[in-house]
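Enquirer: take a look and give me a structure for this.
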Amino acid sequence: MKIKLKLLYEDNHLIAVEKQPGTLTQEATLDLPVLSHDVKAYLKEKYNKPGAVYLGLIHRLDTNVGGVICFAKTSKAAARLSQAIREQQFEKKYLAIVEGHVHQDETVVLTQFLKKDEEEKKAIVTDSNKGKESILKFRRLVQLGHRSLLEVQLVTGRFHQIRAQLAHHGIPIFGDAKYGTGKPGTTLALYAYYLRFNHPTKKEKITIKHLPKNDLFLPFLKAANIQM
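Expert: Reported below is the predicted structural model:
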């Protein structure tokens, strides 16, 4: 199955594309389309590259999460951006529609300790001596009915972190069958819309953003007066 590649940014060192929900960032045991394969195929065709194409994986998105994802086209870029992520110099923001009322507009910081249940493939909030420190920030953008649109910024990058922490806070993401009340097959209302980081070779900040175009988010974006 061919993934339709939506290019968001490209230069000699980086390439950013939109990942569709239901696709894998990289090859795994699941029999699903693999985004990195299509990015390599695009680069091979565009630049007429012989042999294998280098593509460095910098970060990942869960299978059922869509949004902006950036790859490195050179090993130098991959190493420098991986270091930026370790040093928390790689800014990632998401849009999330959650179940429940979020009354405050100011930024809320959530800090918990998460461990991964390998059998259930689920993140669990636990004690500090059993899990990894997990920090995120969120603010409400708009409320529609009994659901709220949040902007979420990851400080750390843990397995299922946003889904687990928001659910533990009492506002699970709409459509989340694992952490909320969603049914299997329902679209998960979580989208990675914003990246900002230092370019690996230039002395400048790079910002890459893309808003979700599906019908789930559109009423919230319109109500929040967020321009498409």
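
Enquirer: who does the most centrally placed residue in the chain form a beta bridge with?
Expert: Geometric centre of the chain, nearest residue: residue 192, 3.9 Å, by C-alpha atoms, centre = their mean. Legend: beta-bridge partners of residue 192 under DSSP bridges are residue 67, residue 94.

Enquirer: distance check, it against residue 66.
Expert: Distance of residue 192 to residue 66, computed by C-beta to C-beta, to the nearest Å: 7 Å. Heads up, the C-betas are built off the backbone N, CA and C, glycines and all.

Enquirer: can you pull the contacts of residue 171?
Expert: Each residue near residue 171 by C-beta atoms under 8 Å, 6 or more residues apart in numbering is listed here: 98, 99, 100, 102, 148, 150.

Enquirer: wait, the fourth one sits on residue 150?
Expert: Yes. Under the criterion of C-beta atoms under 8 Å, residue 102 lies in contact with residue 150, with a separation of 6.7 Å.

Enquirer: now for the two: what residues contact both?
Expert: 140, 171.

Enquirer: which of these two has more neighbours?
Expert: Shown here are residue 102 and residue 150; by other C-beta atoms under 10 Å, residue 150 has more neighbours (24 against 21).

Enquirer: in what helix or strand does that one lie?
Expert: Assessed by DSSP states H and E, residue 150 sits inside strand 147-154.

Enquirer: what about that strand, average pLDDT?
Expert: On average, the pLDDT along strand 147-154 is 96.

Enquirer: repeat that for stretch 185-193.
Expert: Stretch 185-193 comes out at a mean pLDDT of 91.

Enquirer: check stretch 115-125 too.
Expert: 93.

Enquirer: going forward, the N-terminal residue is numbered 408.
Expert: Yes, from this point I'll number from 408; that puts the last item at stretch 522-532.

Enquirer: start to end distance for that stretch?
Expert: 7 Å (C-alpha to C-alpha, to the nearest Å).

Enquirer: then stretch 559-570?
Expert: 11 Å.

Enquirer: just stretch 613-624 next, same as before
Expert: 25 Å.

Enquirer: which residues in this protein form helices?
Expert: In the chain, the helices defined using DSSP state H lie at 442-453, 482-493, 568-575, 625-630.

Enquirer: would TSV of those with distance to residue 614 and mean neighbour count be doable?
Expert: Putting those into TSV (distance: least, C-beta to C-beta, whole Å; neighbours: other C-beta atoms under 10 Å) gives the following:
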stretch	distance to residue 614	mean neighbour count
helix 442-453	20	16
helix 482-493	14	16
helix 568-575	20	23
helix 625-630	18	16
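
Enquirer: sorry, back to before: anything in contact with each of residue 599 and residue 473?
Expert: Common contacts of residue 599 and residue 473 (C-beta under 8 Å, 6+ apart): residue 426.
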